[in-house]
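**Q** Sharing a sequence plus its predicted fold:
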Amino acid sequence: EKSLSFTEKLVDLDETAKTEMAASSGGFLGVPFVSVVKDDGTKETVVGFDKGKLNAILGIQQGII
């Protein structure tokens, strides 16, 4: 919908992905968990569903579909 590339990792089926998630999230193993690597190489994470934070990280204005 917003033309973003992503990689889905099924942490319940992939132990390597689960270990990576635990390291990135400070031990949080719930979902949703989103890790964003920006064009400049910086990395930001979102624990739980937070549309406002995701939009801010991705530079998407609120209200634009």
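**A** Nice, I can see it. Numbers count the residues shown, from 1 in each chain.
**Q** And the strands in the chain?
**A** Counting by DSSP state E, the chain has strands at residues 33-37, 43-47.
**Q** got the CA coordinates for the last one in CSV?
**A** Read that as strand 43-47. The C-alpha coordinates for strand 43-47 follow below in CSV (Å, rounded to 0.1, in the frame of the first residue of the first chain):
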residue,chain,number,x,y,z
LYS,A,43,18.0,1.4,13.0
GLU,A,44,14.8,2.0,14.9
THR,A,45,12.4,-0.5,16.5
VAL,A,46,8.7,-0.4,17.4
VAL,A,47,7.3,-2.8,20.1
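**Q** what's the angle from that strand to strand 33-37?
**A** Per axes from the mean of the first three to the mean of the last three C-alpha atoms, to 10 degrees, the angle that strand 43-47 makes with strand 33-37 is 170 degrees.
**Q** low pLDDT regions in this protein?
**A** Residue ranges of the chain with pLDDT under 70: 1-2, 62-65.
**Q** Spatially central residue for it, please.
**A** A centroid search over the chain (C-alpha atoms, centre = their mean) returns V34, at 1.5 Å, as the residue closest to the centre.
**Q** Nearest spatial neighbour of T45, chain-adjacent residues omitted?
**A** Among residues not flanking T45 along the chain, S35 sits closest, at 5.0 Å (C-beta to C-beta, 6 or more residues apart in numbering). (Each C-beta comes from the backbone N, C-alpha and C, glycine too.)
**Q** Please report the distance of the one you found from V46.
**A** 8 Å (C-beta to C-beta, to the nearest Å).
**Q** neighbour-wise, which of the two wins?
**A** More crowded of S35 and V46, by other C-beta atoms under 10 Å: V46, with 18 against 14.
**Q** measure the more buried one to L58 for me?
**A** V46 is 10 Å from L58, by C-beta to C-beta.
**Q** which residues are in contact with both of those two?
**A** Both V46 and L58 are contacted by V36, under the criterion C-beta atoms under 8 Å, 6 or more residues apart in numbering.
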